[in-house]
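Q: Sequence first, predicted coordinates after that:
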Amino acid sequence: MTRAKKQPLYDQLVELLKEKIENEYEANMMLPSERELSDIYGLSRTTVRLALQELEKIGYIYRQHGKGTFVSDLKETSVNLQGMYSFTEQMKSLGRTPQTAVLEFEKIEANKFLANQFNGKLGMKLIKMKRLRSADGEPLMLERTYLPLSKFLDLTKEDLEHKALYDIFREDYHEVVKIAEEELFANIARPKDAPFLEIREGAPVLALMRKTYNQANEIIEFTSSVARADQFRYKIVHQNVQPQ
């Protein structure tokens, strides 16, 4: 491979493999091993390992323990954040079958952090749920969602197992979502989350925090999610609304 004088070797390999993944390699194709890549490009194993770590961090590849390293599906894992995000609808639009497993469902009193998320008081009553979101049987996202109990007194675990949450908001409680604020940031998988997502502890993940507001500008949902970095890529479309 061509070696620029100033660019680190692993950066060169990252760029080369990114180009191949974007233009040549098929999604879910197995990459050569570290040793094979080292031989192919005449680089040290350390340099190859650094390049693969970077590609995994930015979501271009994913690893399966005991199986190898694979190419991520860049097209199918891209989510447009211009509109309201729905995991169920997004998976359906990609031709995948979404599944939701409700792992926890309980009523709790808000600690200081949660009370602040709802602009409420310490000890306010909340519904807490933990859900594992999958597509075609593959775990993709672990969500911890909190709802104000006063708004959803009759909500049950069974409701969530048979209906999308936003459909429940609209159809069962007449709560129309006006806007959702969402923050995204890179993180690593914590020991308590990694087994659910079937990834290794410390693997790169995408963390999301979302607040949902109703028509009265009341916060009706706070969700903290962890998504597999090898399965999710986000894009934002900026539209010029100024007169030309």
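A: Yep, that arrived.
Q: The longest helix along the chain packs against which elements?
A: Across the chain, the longest stretch assigned as helix under DSSP state H is helix 9-23. On a contact count with 3 or more CB pairs under 8 Å, 6 or more residues apart in numbering; DSSP states H and E, helix 9-23 meets helix 34-41, helix 45-57. Glycine gets a C-beta too; all of them are placed from N, C-alpha and C.
Q: at 10 Å what do you get?
A: Applying 3 or more CB pairs under 10 Å, 6 or more residues apart in numbering; DSSP states H and E, one finds that helix 9-23 makes contact with helix 34-41, helix 45-57, strand 61-64, strand 68-71.
Q: Adjacent strands (with direction) for the strand or helix carrying I108?
A: Using DSSP states H and E, the element containing I108 is strand 98-109. Strand partners for strand 98-109, identified by DSSP bridges, are recorded as strand 125-135 (antiparallel).
Q: about what we covered before: flag every buried residue along the longest helix of the chain.
A: 9-10, 12-14, 17-18, 21 (16 or more other CB atoms under 10 Å).
Q: ok, and what's touching that helix?
A: By CB atoms under 10 Å, 6 or more residues apart in numbering, the residues outside helix 9-23 that reach it are 1-4, 7-8, 25, 27, 29, 31, 37, 41-44, 46-55, 57-58, 60-61, 71-72, 74.
Q: and the angle for it with helix 34-41?
A: With axes from the mean of the first three to the mean of the last three CA atoms, to 10 degrees defining the directions, helix 9-23 sits at 90 degrees from helix 34-41.
Q: Please write out the alpha-carbon positions of helix 9-23 in CSV.
A: Presented in CSV, the C-alpha positions along helix 9-23 are these (Å, rounded to 0.1, in the frame of the first residue of the first chain):
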residue,chain,number,x,y,z
LEU,A,9,0.2,3.9,8.8
TYR,A,10,-3.0,2.7,10.7
ASP,A,11,-4.8,5.8,9.4
GLN,A,12,-3.8,4.9,5.9
LEU,A,13,-5.2,1.4,6.4
VAL,A,14,-8.4,2.8,7.9
GLU,A,15,-9.0,4.9,4.8
LEU,A,16,-8.2,2.1,2.5
LEU,A,17,-10.5,-0.4,4.2
LYS,A,18,-13.3,2.3,4.5
GLU,A,19,-13.1,2.8,0.7
LYS,A,20,-13.3,-1.0,0.1
ILE,A,21,-16.2,-1.4,2.6
GLU,A,22,-18.1,1.5,0.9
ASN,A,23,-17.5,0.5,-2.6
